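> Here you go, sequence then predicted model.
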Amino acid sequence: MGLIKVKNRDEIELMREAGRITAEALNCLKAEVREGMTTAELDKIGEELIRSRGAEPVFIGYRGYRHATCISINNEVVHGIPGDKLIKNGDIVSVDVGVKKNGYCGDSAATFPVGKVTGKTEKLLRLGREALKAGIKQARAGNYLGDISFAIQQLAEKNGFSVVRDLYGHGIGRDLHEDPLIPNYGSRGEGPKLLPGMVLAIEPMLNIGSWKIKTLADGWTVVTSDGTLSCHFEHTVLVTEKDPEILTIWSKTKT
């Protein structure tokens, strides 16, 4: 693990702006997602909003990726490529949005139900949101990176879900992905100590079945190995001396 960058006051203000646009885009996509539309249509809406705010969709061009968002459905964990796939009633749709403005990035994700879903699916989404909250609660100065990982894992597993172990949260700033990597499993008190000014993209991925995953032939789409449903929630979070500051709020009432 390399050096974890600590942001100064000016950098944090620029990250707040990028975070606000990220949140606005994700909130817009939550309102727009519906049965019968394609994932490409949803992606276009996100890209247009981001550009209308004078920002760039930071995913475009990242390792050759060509879209503004990642849109993953049902057993797709992350990195689903927007295209002709139709969104159906009963699907859960994970949308991941990345924004860059004035040289700094924001990153956020959420999984949305479309129409009526099963009780087990509703529980998965609820626990995904709660796992993110539990991780964020630990992102305060003086704690350790492992405290975040431990909180996510414990909440998920005690409720019967698994956490993906081969994908991670990450630091964020001028680059979309910076040190440190943030596993969604681990032990309290391990890893680097958190300092004020660190900015972390915390992103639990919970599966109904096994934690194991695989990547499809397109080189991007990650799915659960056993075909069970998965959810993905993410916020960009500033570590402070007091409570963590979430830079990418996607709802006025819920995180």
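The structure has been received and is ready for your questions.
> show me where the stretch 1-150 of the chain has helices.
9-32, 39-52, 119-137, 145-158 (DSSP state H, counting those that start in this stretch).
> tell me the most buried of the ones you listed?
helix 145-158 (a mean of 22; mean count of other C-beta atoms under 10 Å). Heads up, the C-betas are built off the backbone N, CA and C, glycines and all.
> contacting residues around that helix?
127, 130-132, 134-139, 162-163, 169, 180, 182-192, 194, 200, 202, 204, 206 (C-beta atoms under 8 Å, 6 or more residues apart in numbering).
> returning to what we had before: and the helices of the stretch 1-150 of the chain as CSV, adding mean pLDDT and distance to residue 240?
What follows is the helices of the stretch 1-150 of the chain, written out as CSV (pLDDT from 0 to 100; distance: least, C-beta to C-beta, whole Å):
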stretch, mean pLDDT, distance to residue 240
helix 9-32, 98, 9
helix 39-52, 98, 27
helix 119-137, 98, 12
helix 145-158, 98, 15
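> nearest to residue 81, of the ones you listed?
Evaluated over the helices of the stretch 1-150 of the chain, closeness to residue 81 peaks at helix 39-52, with 7.9 Å, by C-beta to C-beta.
> So, low pLDDT: which residues of the chain?
1, 250-255 (pLDDT under 70).
> The same query, at a cut-off of 80, please.
In the predicted model of the chain, residues 1-2, 250-255 satisfy pLDDT under 80.
> Which residue ranges of the stretch 51-200 of the chain form strands?
56-57, 69-73, 76-78, 92-101, 104-113, 162-163, 169-171, 178-182, 199-202 (DSSP state E, counting those that start in this stretch).
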